[in-house]
Each structure stands twice: as structure tokens, then as C-alpha cells.
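# Requesting a structural model of the entry that follows:
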Amino acid sequence: NDISSSSSPASTSLLSDAKEIISTERIQWLFFASFVRFCSGLCIGVWSAPYFRLAFPDDSSSYAVVNAFIVSICGVSSGLLGGTLADL
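Model (predicted):
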């Protein structure tokens, strides 16, 4: 009874099931879309503050307030809309 055996039917089945799921075109597009969404959100988060600081040096204090409203409103609406669409 070797517990470390990697050729058990459960692990082989799990691996083959995962390969089958990932091989479908719809799932590949879903992974690609989530990657692009993550990258765009990261770019916005990293580069928006330095850009606005350089582009509008007199309004750097109001940027934080405006950014907080945009992130909160868009974040809430994105979550609600995404949840609604997922339930359809």
C-alpha cells in the first residue's frame, strides 16, 4: 500500500478530465479573456497615477478622489453586471 503512487486511477482520471476541459475552444477563449482583463487592470493600476501626475501636475490631489469614485462605481457595477450575466 504505497500512498505516494502517482498512477492511481483517481489521479489519472483527474488529469485526463482536466486536459479534456482545457482542450475545448470555449475554455481557451475564457482563459485568454481573463488573462487580457487581468493585464489591462494591472496596467491601469500601475500606470494611471504616474500618467496623471505628469499630465496634470496641478490636480494631483484631486486624482485620488476621482480615482476612488471611478474604481468603486465601476467595480460595483462590474460585479453586479457580471453576476447577473453569469446567472442567465
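# When you work out contacts or count neighbours from here on, use the C-alpha atoms and nothing else.
Will do.
# Can you get me a residue count around Phe31?
13 (other CA atoms under 10 Å).
# Mean pLDDT per helix and strand in the protein: which one sits at the bottom?
helix 9-22 (a mean of 82; mean pLDDT, DSSP states H and E).
# From Gly79, how far off is Ala86?
10 Å (CA to CA, to the nearest Å).
# Could you pull up the residues touching the residue sitting nearest the centre point of the chain?
In the chain, the residue lying closest to the centroid (CA atoms, centre = their mean) is Phe38, at 4.0 Å. Not one residue lies near Phe38 by CA atoms under 8 Å, 6 or more residues apart in numbering.
# quick one: low-confidence parts of this structure?
Residues of the chain meeting the criterion pLDDT under 70: 1-11.
# and whichever helix or strand Thr84 is part of, what does it pack onto?
Following DSSP states H and E, one finds Thr84 within helix 60-87. Under the contact criterion of 3 or more CA pairs under 8 Å, 6 or more residues apart in numbering; DSSP states H and E, helix 60-87 touches helix 25-55.
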